[in-house]
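Enquirer: one predicted model, sequence on top.
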There are 2 protein chains.
Amino acid sequence: MSGFDLGLMVKTHRKKAGLTQIELANLAGIGKTTVFDIEKNKETVRWSNILAVLKVLNIEVEFKSPLAENV
Amino acid sequence: MSGFDLGLMVKTHRKKAGLTQIELANLAGIGKTTVFDIEKNKETVRWSNILAVLKVLNIEVEFKSPLAENV
DNA sequence: TTGTTATTACCGCTATAGCGGTAATTTCAC
DNA sequence: GTGAAATTACCGCTATAGCGGTAATAACAA
């Protein structure tokens, strides 16, 4: 499914942090349009921009695989 | 740090799957240059392209936060 | 209600990610 | 060693993500 809603998660965390989209955009060093796109789950967003937002919001990313890959 | 090396993970999984970069690119429906960029950890890559690669390689993404966010 | 703020949505413009092609380099099998 | 395959790296070109500005809508308070 991938059914996970990153946009909603970002939005929820932003609200909890008491930030507007514009404030979050400034903190992350990206444009407001991009924050909006992320919250709308537009996947055409640059990975670096998503990372910037997640950093501000203290959200961590983890990649998991079926393989015991722990390099 | 974010110290996690997604590029290496992709490369390792690609190898284990017995795919060349070009084959992976074709399977993911993206260009070979982009696969190369991902393995080189270029963060300027489109999120959708990373997702496409992860899907082919059966790698899952998880976002975690300090907050009990399970919406 | 009215006013204020935030969100959503659109618009051009610009910068650049993504693309295939190609070449250099590396890797690996023989 | 030689040669084939894969990887790395570069090159233009094109499509588009990202940008700020703005406007419309929504949300919420007084």
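Expert: On my side now, so go ahead.

Enquirer: please enumerate the strands of chain A.
Expert: Taking DSSP state E as the criterion, chain A carries its strands at A:60-64.

Enquirer: any weak-confidence spans in chain A?
Expert: Low-confidence segments of chain A (pLDDT under 70): A:1-3, A:67-71.

Enquirer: who in it is up against chain B?
Expert: A:2, A:4-6, A:8-9, A:12-13, A:16, A:43-48, A:50-51, A:54-55, A:57-67, A:69, A:71 (CB under 8 Å from any CB of the partner chain). Glycine gets a C-beta too; all of them are placed from N, C-alpha and C.

Enquirer: of those, grab the buried ones for ChimeraX.
Expert: Restricted to buried positions by 16 or more other CB atoms under 10 Å in any protein chain shown, the ChimeraX selection for the residues of chain A next to chain B reads:
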select /A:6,9,12,13,43,45,46,47,50,51,54,57,59,61,63,65
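
Enquirer: which ones among the residues of chain A next to chain B map onto helices?
Expert: A:6, A:8-9, A:12-13, A:16, A:47-48, A:50-51, A:54-55, A:57 (DSSP state H).

Enquirer: please name the residues that touch A:Pro66.
Expert: Residues counted as contacts of A:Pro66 (CB atoms under 8 Å, 6 or more residues apart in numbering or on different chains) are B:Asn58.
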